[in-house]
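**Q** Structure, please.
(3 chains)
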Amino acid sequence: MKEMFEGLNKAQINAVRTTEGPVMAIAGAGSGKTRVLTRRMAHLIFNLGVPRQSILAITFTNKAAEEMKMRVGSLLNVSTRDMWVSTFHSMCARILREHIERLGYNQNFQIIDDDDATQLIKLILRRLNIDVKLVKPRMLKSLVMNVKGDLDAIDAYEEPIQTYLRNVVPEYQRHLKANNLVDFEDLLVLTIELLEQHKTVREYYQNQFQYILVDEFQDTNNLQYRLIRLLVGKHQNVFIVGDEDQSIYAFRGANIENIQRFQQDFTNVKPILLEQNYRSTNNILNAANGVIKSNKTRIDKTLFSTRGDGDKVTFFKAYTYRDEAAYVAETIKEYARKTDIDFSDIAVLYRANSTSRTFEESFIHKNIPYQIVGNTAFFRRKEIKDVVAYLRLTLNPHDDYSFSRVVNEPRRGIGAKTIDRLMLHAEREQQSLFDAVDDEDTPLGKTATNRLRAFKQLIRTLSENLKTLDLGDFLEFLLAETGYKEALKFDDMGEVRLENVLELKSMFVEQKRAVADSDNTVLLTAVLQDIALQSQEDERHDKNAVTLMTLHAAKGLEYKVVFIVALEQGLFPLHRALDSAKDMEEERRLMYVGMTRAMDKLFLTNARQRRLFGQMMMNPDSQFLREIDPTLLSVEGLNKPTFHTPSRQAFPKHAMLDTNDEQENAIQKGDKVRHKAFGKGLVVSVDGDQAVIVFDQPHGIKTLLKNHRAIEKV
DNA sequence: AGGCAAGGGGTTTTT
DNA sequence: CCCCTTGCCT
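**A** Got it, this is the predicted structure:
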């Protein structure tokens, strides 16, 4: 149909119509790639008669997948419910749910999240008598994830890490498999294993997926790349969309080189370049282009927009971090008052989650509705994780991980010692904790054994009731029977927590509507899978509120007005990236991603002083600010050239007043000081609240509390 | 068993 | 500043 190409430019139409063979679309920020992807799918289905289930589209988040399905659905007026539009992880879970028994796992496998994986690693480290102070479980966990798909990679690590990995990886995998658990990485690794080892399964999917589309290709990791290669059958109809300038997930194994690899591994790759930006005004775009240009390892491309120049990019430097937050809040209020921009058109982006707090406080203070994406993700809350553990235990009583999580939650007088002993015993006897409880020769006292048996009986009761009750009722039953609900009454946050837990009910209802199967086990497994694979973005609600989130979470989104805050060297870019060219380039791409989220107006802000890790810090401006052509900037606040003439002060005074200046004359490196006892001195360095000061002889070098009243700046 | 306080250590991004 | 561990006390 004609309207399939309506409103598309030449390059976009080309991207939609070039359906056969490998195609690589390089799509700059805001170049309408989502549009291209949805139109391409619609074109395949509607114009070319491709069955809906023959298309596999990979997106970066579940939310993006849902949106894509919805758009295709409304374009064609068909149901897209069972289309294969999903993230890599969801796709893998769907495939594994079908075939995982070939790999020796049970069909009802559960997916554990990162926190759980870290905990498990920690437990294993303890078992192996490795000091968790020497190896951080978190750190080791990410290494384990890195080598999982390719055990030979362990050789490349130095000692003692190599030995740790050699010992921990097999143990960790054994634990997961024994408990019928898979982690995020397993979803990919096991699917690859399945497809590589089972020709019939591989050919089945290769035949099914006649057309494969992959979004955000620059952020695929090596396993995901391998998966794509396995799935692309003889037809070679694979369409990738990416932009190396927006690759921001290297820490998670994303490999930009996959873009080059793609061109080598597939023959006759047709390149398509989408350079017209439909999102931002030229001032914003040029500012962003200026920043990204400093990256050496990239192919130069220049986005252009026909949206006009628009406003200049505003850079505001505040005195303190609170001033900065007050400025942002004030500015937002002004927008809301003077323009037709809604709160939901505005986003505040930062490098690290911890930055959000100050802004949150300021928004509360100024009555600005806001929502924070990600911070304490719903599904990572304790109460949710507890109930999920109960639900998992109900489905599989031999899930030791869930068992130990809730055996004493709420308190049942089963302490750490008891659990530890039980675990060791179970380990020796090669059985689950659930089974070990009934053993005659456990090294446990009578009281402990009785309490454990009562818990075991509780799990049995839950399992039985799951068969008969409606899922919603079952949840209520569980909360009552386990005593969890009762315990919440004594919790300060109990009411909210109970509400959170009961939200699961609506997920049950939804799942029931989506899945024809009414078997509770199947439904519950599906809900638990959704919970495990839910991403931060997926939980965004679209109420009329300013959105606060990390730059990473902003990927793929756009807002009329965007603030990028805390632009200080050391914070963004992060100090740990400063001495690595590679990391710096990734930071810069992150900045680029952030800037290109803005449609109409971009604010860049920072503060001279910031409270960080409990200390006052003074950091210079982020170097990214210097990488922007000054003619595109409108400078306000402390750096404003005319700042000292109050009449021309662009920013409301109250933004500056609404703060407590904690130390107007904080001592810095290079300052000359006078000490009551030691006389004149020169500050050579400042570390937290301490300063190293060189005094005249005979006193010499001293480290002193910099704010002490004995010291004064001269 | 469990609660509480003190102390130490680390601070990024997340499917 | 916050999280986790540890050790002491009940």
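**Q** any idea where the helices of the stretch 551-700 of chain A begin and end?
**A** Ranges of helices in the stretch 551-700 of chain A, per DSSP state H, counting those that start in this stretch, are A:581-595, A:623-626, A:653-657.
**Q** OK, contacts around A:Arg71?
**A** A:34, A:38 (CB atoms under 8 Å, 6 or more residues apart in numbering). C-beta: built from backbone N, CA, C; applies to glycine.
**Q** That one: which element?
**A** Secondary structure here is read from DSSP states H and E; on that basis A:Arg71 sits in helix A:62-76.
**Q** So which bits of that helix are buried?
**A** A:62-65, A:67-69, A:71-73, A:75-76 (16 or more other CB atoms under 10 Å).
**Q** Which phi and psi values does the residue of the stretch 401-550 of chain A with the smallest separation from DNA strand B adopt?
**A** Nearest residue of the stretch 401-550 of chain A to DNA strand B: A:Gly415, at 2.5 Å (CB to the nearest atom of the strand). When read as degrees, to the nearest 10, the backbone of A:Gly415 gives phi -90, psi -180.
**Q** For chain A, which residue gets nearest to DNA strand C?
**A** Across chain A, the shortest distance to DNA strand C (CB to the nearest atom of the strand) belongs to A:Gly614, at 2.7 Å.
**Q** How many residues are close by that residue?
**A** As a burial measure, A:Gly614 scores 7 neighbours (other CB atoms under 10 Å).
**Q** So which residues of the stretch 151-300 of chain A form helices?
**A** A:161-178, A:184-197, A:199-208, A:222-231, A:258-265, A:282-292.
**Q** Let me know which of those helices is tucked in deepest.
**A** Comparing the helices of the stretch 151-300 of chain A by mean neighbour count (mean count of other CB atoms under 10 Å), helix A:282-292 comes out on top with a mean of 24.
**Q** For that helix, enumerate the helices and strands it packs against.
**A** strand A:304-305, strand A:313-320, helix A:581-595, strand A:598-612 (3 or more CB pairs under 8 Å, 6 or more residues apart in numbering; DSSP states H and E).
**Q** Put the alpha carbons of the second one into CSV.
**A** In other words, strand A:313-320. Provided in CSV are the C-alpha atoms of strand A:313-320 (Å, rounded to 0.1, in the frame of the first residue of the first chain):
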residue,chain,number,x,y,z
VAL,A,313,21.7,25.2,24.2
THR,A,314,21.7,26.7,27.7
PHE,A,315,24.6,26.0,30.0
PHE,A,316,23.9,26.9,33.6
LYS,A,317,26.6,26.7,36.3
ALA,A,318,25.3,26.9,39.9
TYR,A,319,27.1,27.5,43.1
THR,A,320,26.0,24.4,44.9
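**Q** what element comes up after that strand heading to the C-terminus?
**A** helix A:321-338.
**Q** Which strands or helices does that next one pack on?
**A** strand A:313-320, strand A:346-350, helix A:356-365, strand A:559-564, strand A:598-612, helix A:653-657.
**Q** contacting residues around the third one?
**A** Same thing as helix A:356-365. Applying CB under 8 Å, 6+ apart, the contact partners of helix A:356-365 are A:321-322, A:324-326, A:328-329, A:348, A:350, A:369-370, A:372, A:375, A:546, A:548, A:565, A:658.
**Q** Can you name the residues of the stretch 101-250 of chain A that neighbour DNA strand C?
**A** A:122, A:132 (CB under 7 Å from any atom of the strand).
**Q** Show the low-confidence segments of the stretch 101-250 of chain A, by residue range.
**A** The stretch 101-250 of chain A contains no residues with pLDDT under 70.
**Q** Quick one: distance of the strand or helix carrying A:Asp420 to the chain centre.
**A** For A:Asp420, the host element (DSSP H and E) is helix A:416-429. Centroid separation for helix A:416-429 versus its chain: 35 Å, with CA atoms, centre = their mean, to the nearest Å.
**Q** next structured bit after it?
**A** According to DSSP H and E, the helix or strand after helix A:416-429 is helix A:433-436.
**Q** Can you name every helix or strand that that following helix contacts?
**A** helix A:400-406, helix A:416-429.
**Q** Identify the residues contacting it?
**A** Outside helix A:433-436, the residues touching it (CB under 8 Å, 6+ apart) are A:397-398, A:400, A:403-404, A:407, A:422-423, A:425-426, A:429, A:442, A:456, A:459.
**Q** Could you report the neighbour count for A:Met83?
**A** 22.
**Q** tell me the phi and psi of it?
**A** phi -70, psi 150.
**Q** Are any of the contacts of helix A:433-436 buried, and if so which?
**A** Buried members of these, scored by 16+ other CB under 10 Å, are A:397-398, A:400, A:403-404, A:407, A:422-423, A:425-426, A:442, A:456, A:459.
**Q** Which pair in those residues has the greatest spatial separation?
**A** By the measure CB to CB, A:His425 and A:Ile459 form the most distant pair in these, at 18.4 Å.
**Q** my read: A:Ser344 touches A:Thr547, true?
**A** Yes: taking CB atoms under 8 Å as the definition, A:Ser344 is a contact partner of A:Thr547 at 7.3 Å.
**Q** Who has more neighbours out of those two?
**A** Set side by side, A:Ser344 and A:Thr547 show more neighbours around A:Thr547, with 24 against 17, by other CB under 10 Å.
**Q** For that one, which residues are in contact?
**A** With CB under 8 Å, 6+ apart, A:Thr547 has these contacts: A:344, A:346-348, A:370-371, A:373, A:540, A:559.
**Q** now with 10 Å?
**A** A:343-349, A:370-373, A:540-541, A:553-554, A:557, A:559, A:562 (CB atoms under 10 Å, 6 or more residues apart in numbering).
**Q** any idea how far it is from A:Val562?
**A** 10 Å (CB to CB, to the nearest Å).
**Q** what do those two both touch?
**A** Contact criterion CB under 10 Å, 6+ apart; residues shared by A:Thr547 and A:Val562: A:345-349, A:554.
**Q** Drop anything exposed from these.
**A** Looks like those have A:345-349, A:554 buried, using 16+ other CB under 10 Å.
**Q** Can you narrow these down to the ones near DNA strand B?
**A** Okay, of these, nothing touches DNA strand B (CB under 7 Å from any atom of the strand).
**Q** I'd like to know which of those residues is nearest to A:Leu231.
**A** A:Ala554 (29.5 Å).
**Q** neighbours of the closest residue to A:Phe572 other than its chain neighbours, just the number please.
**A** With sequence-adjacent residues excluded and distances taken as CB to CB, 6 or more residues apart in numbering, A:Phe572 is closest to A:Arg351, at 3.9 Å. Residues lying near A:Arg351 (other CB under 10 Å) number 23.
**Q** next one: A:His235
**A** Around A:His235 there are 15 residues (other CB under 10 Å).
**Q** Isn't it up against A:Phe266?
**A** No: distance between A:His235 and A:Phe266: 11.7 Å, which falls outside the contact criterion (CB atoms under 10 Å).
**Q** what is in contact with the two at once?
**A** What both A:His235 and A:Phe266 touch, as defined by CB under 10 Å, 6+ apart, is the set A:Gly21.
**Q** for A:Cys422, what are its contacts?
**A** Let me fix one detail, which is that residue A:422 is Leu and not Cys. A:400, A:403-404, A:407, A:414, A:433, A:436-437, A:439, A:442-444, A:448-449, A:452.
**Q** please redo it, this time with the cut-off set to 6 Å
**A** A:433, A:436 (CB atoms under 6 Å, 6 or more residues apart in numbering).
**Q** if we can go back for a sec, include distance to A:Leu128 and pLDDT when you put the buried ones among the shared contacts of A:Thr547 and A:Val562 into CSV, please.
**A** Formatted as CSV, those follow (distance: CB to CB, whole Å; pLDDT from 0 to 100):
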residue, distance to A:Leu128, pLDDT
A:Asp345, 53, 94
A:Ile346, 50, 95
A:Ala347, 45, 95
A:Val348, 44, 95
A:Leu349, 41, 96
A:Ala554, 40, 92
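**Q** Before I go, just wanted to say thanks for your time.
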